[in-house]
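Engineer: Return atomic coordinates for the entry below.
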Amino acid sequence: MNRPTSSDHSLVPQLTVAICTRNPRTDYLARVLHALSQQTLPLPDWELVLIDSASDRPLTADPARAAGLGCRLIRLEISGLVRARFAAIAAAAAPVLLFLDDDNVPAPDFLATGLELGRQWPALGCWASACILPECETPPPRSVVENLGRMACCDFPSDRWSNTLDVVPPGAGLFVRTAIALHYASFAENDPRRQLLGETGDRFFRGDDTDLVFFIVKQDYGAGQFRALKLTHLMPTRRLTEENVVKLAKASAGSAVVVNYIWGVAPRQESRLDWLIYQLKALRFRGLSRRVARAHREGEGEARELIRSLNLEPRT
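Structural biologist: Predicted coordinates:
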């Protein structure tokens, strides 16, 4: 294959692609790296950073080399998506940083289109795909298909952007201006409350993407999602279950309470009227919908208890 040549002979890349991973599926990671090797953006114009978030078996650069890619490999001895992303931000040498998950397969023009959108939309601090389609290892039940949006899949009919938190792109395939990401890291890295966000080896939580977008909007930048950015989300069979949908619903609800509290919105305690309204609504639900409603309530309750037990202080 004839690779595209760079239009700029400078050694400084335009884009840093960071894959934060822990115990990745080797076939999925190989798909992602192969897709990166097929990008229309010339290789000299971007760099690859692989963050190993305390994988049980330390990763090597061999999968990247097999795809014809150079990469910088950074090994962390403590797991956690938030820590991994801070490491990626610190390592980025380019003015734009792309967070790509180890199961995200980008279209051939993904990198080039992302950079062009950043040039066209200087008011945006971050932007991502409005079309993240699942590729399921096995056909999921209909109840799970209806909840794939909880798994960072989306298919919005048009481009969307906002500077008022109406648009909160997922972290999958998220472009961020590196200067803003560095500002966020200096603001958040030593804040112990933010270590509660994101997934670790022994705790499943979310909210790290939302926290970053909150910060970006507070800096008077916007966030956007664009259909021109095409991404395929590889979905293993183990995730295509009702149990995983319930797990995600609980984590999302609890994380939202914690993120809002960090940003100064105290959680409202459940009243007897709230409990009664929940019971009445639950009577209308059946099957997975009832389990999801229960998970939302449990997640919010556990988050309120976590805030009390750790005596977390809101952001002032």
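
Engineer: Just confirm V49 is within a strand.
Structural biologist: Yes. The assignment for V49 by DSSP: H, G, I helix; E, B strand; the rest coil puts it in a strand.

Engineer: which residues touch it?
Structural biologist: Contacts for V49 (C-beta atoms under 8 Å, 6 or more residues apart in numbering) come out as 16-19, 71-72, 74, 88, 91-92. For glycine as for every other residue, the C-beta is placed from the backbone atoms N, C-alpha and C.

Engineer: Report pLDDT for it.
Structural biologist: V49 carries a pLDDT value of 98.

Engineer: quick revisit: just the contacts of V49 now: which is nearest P157?
Structural biologist: V17 (27.9 Å; C-beta to C-beta).

Engineer: quick check, that closest one in a helix?
Structural biologist: No. Applying three-state DSSP, one finds V17 to be strand, outside a helix.

Engineer: pretty sure it is in contact with W46, am I right?
Structural biologist: Yes. Assessed by C-beta atoms under 8 Å, V17 is found in contact with W46 at 5.9 Å.

Engineer: which residues of the stretch 101-250 of the chain fall in strands?
Structural biologist: 104-106, 124-136, 154-155, 160-162, 174-177, 222-235 (DSSP state E, counting those that start in this stretch).

Engineer: Output the ones you listed as a markdown table; include the columns distance to E300.
Structural biologist: What follows is the strands of the stretch 101-250 of the chain, written out as a markdown table (distance: least, C-beta to C-beta, whole Å):
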| stretch | distance to E300 |
| --- | --- |
| strand 104-106 | 29 |
| strand 124-136 | 26 |
| strand 154-155 | 24 |
| strand 160-162 | 25 |
| strand 174-177 | 26 |
| strand 222-235 | 24 |
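
Engineer: most packed of those strands?
Structural biologist: strand 174-177 (a mean of 26; mean count of other C-beta atoms under 10 Å).

Engineer: tell me which strands and helices that one is in contact with?
Structural biologist: strand 96-99, helix 110-120, strand 124-136, helix 208-218 (3 or more C-beta pairs under 8 Å, 6 or more residues apart in numbering; DSSP states H and E).

Engineer: Figure out which of those is closest to D191.
Structural biologist: Of all the helices and strands packed on strand 174-177, helix 208-218 comes closest under C-beta to C-beta, at 9.8 Å.

Engineer: Next, the buried residues of that closest one.
Structural biologist: When neighbours are counted by 16 or more other C-beta atoms under 10 Å, the buried residues of helix 208-218 are found to be 208-217.

Engineer: Over to stretch 32-49?
Structural biologist: 32-33, 35-37, 39, 41-49.

Engineer: Any idea how far apart the tips of it sit?
Structural biologist: 13 Å (C-alpha to C-alpha, to the nearest Å).

Engineer: from what I can see L59 touches L50, true?
Structural biologist: Yes. In this structure, L59 is within contact of L50 by C-beta under 8 Å, at 6.6 Å.

Engineer: okay, the two: which has more neighbours?
Structural biologist: Applying other C-beta atoms under 10 Å to L59 and L50 shows that L50 carries more neighbours, namely 26 against 23.

Engineer: so who does that one touch?
Structural biologist: 18-19, 21, 59, 61, 64, 71-74.

Engineer: now do I307
Structural biologist: Counting by C-beta under 8 Å, 6+ apart, the residues that I307 touches are 257-258, 261, 267.

Engineer: in which helix or strand would I find it?
Structural biologist: helix 287-310 (DSSP states H and E).

Engineer: how far is stretch 268-286 from where the chain is centred?
Structural biologist: Stretch 268-286 has its C-alpha centroid displaced from the chain centroid by 31 Å (C-alpha atoms, centre = their mean, to the nearest Å).

Engineer: and this structure, what are its domains?
Structural biologist: 15-240, 250-310 (automatic domain parsing).

Engineer: most packed of these?
Structural biologist: For the domains of the chain, where neighbours mean mean count of other C-beta under 10 Å, the stretch averaging the most is domain 15-240, with a mean of 19.

Engineer: Ends of that domain, what's the gap?
Structural biologist: Per C-alpha to C-alpha, domain 15-240 runs 33 Å from first to last residue.

Engineer: Good, wrapping up.
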